[in-house]
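Q: just coords:
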């Protein structure tokens with residue numbers, strides 16, 4: 001049974017009507033969200049990019065606490081911030097009154113040890129201005145998942161030029177000639193919190209990835225907030241044999257879901273510039289030009 005900090009959404013809420021807002025998916029370990037400073041830094045930058053004000057940090061923390069509840073629960077918390085209610089039409093009210101929602105539920109079924117991935121028939125497109133942000137409009141990913149056969153599978157998505165840019169539910173990493181690589185961000189791709197941590201932990205290079213380049217991959221994995229490491233056992237029809245060891249020793253398994261060590265940064269420093277400098281997500285986002 002999931003719990004929600006707010007149980008109703010107004011019919012004129014702009015998040016519901018237009019996808020005008022942002023969300024974060026938080027892995028919660030024994031009552032504590034993992035990588036919370038990274039998630040909140042991305043959220044704050046997203047609000048600025050969308051032209052929305054920041055909510056009070058206390059409102060956000062209260063929503064998370066109400067959803068997760070007391071005790072040492074392990075599960076998934078979804079945090080959503082919308083531009084609030086507004087009149088008909090696309091223009092927001094002069095002073096948007098944000099709505100903050102949070103819900104909590106159990107972990108999904110443990111995914112298979114290895115995943116087989118092919119190319120998605122649905123290309124990943126999006127607005128350059130929204131590149132990297134976790135905004136509410138994820139219809140392209142919905143269509144990509146709907147195009148997959150039934151079962152716990154994933155696919156690699158390409159941009160308009162046919163370059164591989166991500167999975168349908170996570171960022172791609174591959175090892176080539178002993179070094180780790182990940183594609184550059186492209187419109188529609190989420191700048192993952194675990195992607196940022198792994199780029200720093202693995203000294204991974206940002207490398208454009210034509211589909212043919214993956215023939216050089218010695219190992220590969222997908223990464224998202226639920227599991228930073230989902231090893232790929234079969235990549236575009238080719239069996240990969242190096243899937244037994246997680247790529248970074250600091251990664252730890254929590255019931256089969258791989259997570260980085262707890263973050264030590266202040267989850268909500270006084271300024272966004274402080275948050276960007278203090279978190280791996282902020283540092284990598286600056287390099288990415290988000």
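A: Ah, there it is. All figures in this text were calculated on a predicted structure; none of them were measured in a lab. Residues are numbered from 1 along each chain as shown.

Q: So residue 180 belongs to a helix, correct?
A: No - counting by DSSP: H, G, I helix; E, B strand; the rest coil, residue 180 is not found in a helix; it is strand.

Q: The stretch of helix or strand residue 76 belongs to pairs with which strands, parallel or anti?
A: Assigned by DSSP states H and E, residue 76 belongs to strand 75-82. Using DSSP bridges, the strands paired with strand 75-82 are strand 21-29 (antiparallel), strand 99-105 (antiparallel).

Q: got the angle between the longest helix along the chain and strand 75-82?
A: Secondary structure of the chain read by DSSP state H shows that its longest helix is helix 36-50. Put simply, helix 36-50 runs at 20 degrees to strand 75-82, going by axes from the mean of the first three to the mean of the last three C-alpha atoms, to 10 degrees.

Q: which helices and strands sit right next to whatever helix or strand comes next after helix 36-50?
A: Remark: after helix 36-50, the chain's next helix or strand is helix 57-68, criterion DSSP H and E. Contacts defined by 3 or more C-beta pairs under 8 Å, 6 or more residues apart in numbering; DSSP states H and E place helix 57-68 against strand 3-4, strand 75-82, strand 99-105. For the C-beta atoms, the positions are set from N, CA and C on the backbone; glycine is no exception.

Q: Give the residue spans of the stretch 1-150 of the chain that score low on pLDDT.
A: Scanning the stretch 1-150 of the chain for pLDDT under 70 picks out 1-7.

Q: would you list every one of the strands in the stretch 151-290 of the chain?
A: 154-158, 164-167, 171-176, 179-182, 205-206, 219-223, 230-235, 238-239, 252-254, 257-259 (DSSP state E, counting those that start in this stretch).

Q: To residue 79, which of these lies closest?
A: Residue 79 lies closest to strand 257-259 among the strands of the stretch 151-290 of the chain, at 17.4 Å (C-beta to C-beta).

Q: Show the secondary-structure elements that the closest one is packed against.
A: Using 3+ C-beta pairs under 8 Å, 6+ apart, strand 257-259 is in contact with strand 21-29.

Q: between the strand it packs on and helix 57-68, how big is the angle?
A: Orientation check (the same axes, to 10 degrees): strand 21-29 against helix 57-68 gives 50 degrees.

Q: Could you give me the buried positions within strand 21-29?
A: 21, 22, 23, 24, 26, 27, 28, 29 (16 or more other C-beta atoms under 10 Å).

Q: of these, closest to residue 279?
A: Of all those, the one with the least separation from residue 279 (C-beta to C-beta) is residue 24, at 13.3 Å.

Q: So in terms of bridging, what pairs with the closest one?
A: Residues found in beta-bridge contact with residue 24 (criterion: DSSP bridges) are residue 79.

Q: Touching, it and residue 45? I think so.
A: No - counting by C-beta atoms under 8 Å, residue 24 stays clear of residue 45, with 11.9 Å between them.

Q: Make JSON lines from the helices and strands packed on helix 57-68 and add distance to residue 180 and mean neighbour count to it.
A: Listed next are the helices and strands packed on helix 57-68 as JSON lines, based on distance: least, C-beta to C-beta, whole Å; neighbours: other C-beta atoms under 10 Å:
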{"stretch": "strand 3-4", "distance to residue 180": "38", "mean neighbour count": "16"}
{"stretch": "strand 75-82", "distance to residue 180": "27", "mean neighbour count": "22"}
{"stretch": "strand 99-105", "distance to residue 180": "32", "mean neighbour count": "21"}
